[in-house]
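>>> here is a sequence together with a model predicted from it:
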Amino acid sequence: MLELAVLGFLHDEELHGYELRKKVAALTGHVRPIADGTLYPLLKRLEGANLVVRETRPGQVAAPRHMLTLTDCGRAELRARLADPGELFISDENRWFTVLAFLRHLDDPERQAAVLRRRLEFLTQPASFFWDGDKPLRADDFDDPFRQGLFTIATATSRTELKWLRETLARLEG
């Protein structure tokens, strides 16, 4: 998820590490804050794989800045990851949001639609947070107001996403 976010933000614009960390944290930080000890080794790996290049430039006020730019290989890698995200990027909401944040970089509406169809298929499968054997339990099955709240919020979120997915697919496929 972090790699995808880095590639996506660097596709948008060249950034220095601090700016990049702020952008990634805003997108994913509510899930897991981004520490320098996580980001900078990742950037080194991406540089080693020729996906990102680092260029030292004079700072505007202080020390020189290390600007990060996505390479052509990095752009291709981003598009490949967006075109065929792993199952966790379809089923896990936080990973899914990272895909959505950059799906516009996959320039082909047909391929964008294919990714959205995978999410739609996932969301239309029987699901629940709790099961009684093979039977999914619903909010009405509980007297607990907190579990009822969990189901109420999740149901509202899913309905909204399903509506958006269907509308967006109609535009992309129409």
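Thanks, I have it. Numbering: from 1, shown residues only.

>>> who does the longest helix seen in the chain touch, helix- and strand-wise?
Ordering each helix of the chain by length in residues (DSSP state H) puts helix 145-173 first. When contacts are defined as 3 or more CB pairs under 8 Å, 6 or more residues apart in numbering; DSSP states H and E, helix 145-173 packs onto helix 109-123. Just so you know, the C-beta spots here come from the backbone N, C-alpha and C atoms, and that holds for glycine as well.

>>> would you confirm that Arg54 contacts Pro64?
No - look at Arg54 against Pro64 with CB atoms under 8 Å: they stay out of range, at 11.3 Å.

>>> can you list the domains in the chain?
Domains of the chain are assigned by automatic domain parsing as 1-84, 108-174.

>>> the first one: how far from the chain's middle?
Spelled out, that is domain 1-84. Its chain's average C-alpha position is 14 Å from that of domain 1-84, according to CA atoms, centre = their mean, to the nearest Å.

>>> circling back: hey, least reliable of the domains of the chain by pLDDT?
Among those, domain 1-84 carries the lowest mean pLDDT, at a mean of 88.

>>> mind checking the end-to-end distance for that one?
14 Å (CA to CA, to the nearest Å).

>>> ok so, going back, Arg54 and Pro64 - which one has more neighbours?
Arg54 (14 against 11; other CB atoms under 10 Å).

>>> check which helix or strand covers that one.
strand 52-57 (DSSP states H and E).

>>> could you point out which element follows that strand?
Following strand 52-57 toward the C-terminus (DSSP H and E): strand 65-70.

>>> by contact count, what packs against that next one?
Applying 3+ CB pairs under 8 Å, 6+ apart, one finds that strand 65-70 makes contact with helix 2-12, strand 15-16, helix 17-28, strand 52-57.

>>> so which of those is nearest Phe130?
Checking the helices and strands packed on strand 65-70 against Phe130 by CB to CB gives helix 17-28 as the closest, at 27.5 Å.

>>> and the contacts of the following helix or strand past that closest one?
Downstream of helix 17-28, the next assigned helix or strand under DSSP H and E is helix 36-48. Outside helix 36-48, the residues within contact range by CB atoms under 8 Å, 6 or more residues apart in numbering are 2-3, 6-7, 17, 20-21, 24, 52-54, 68, 74.
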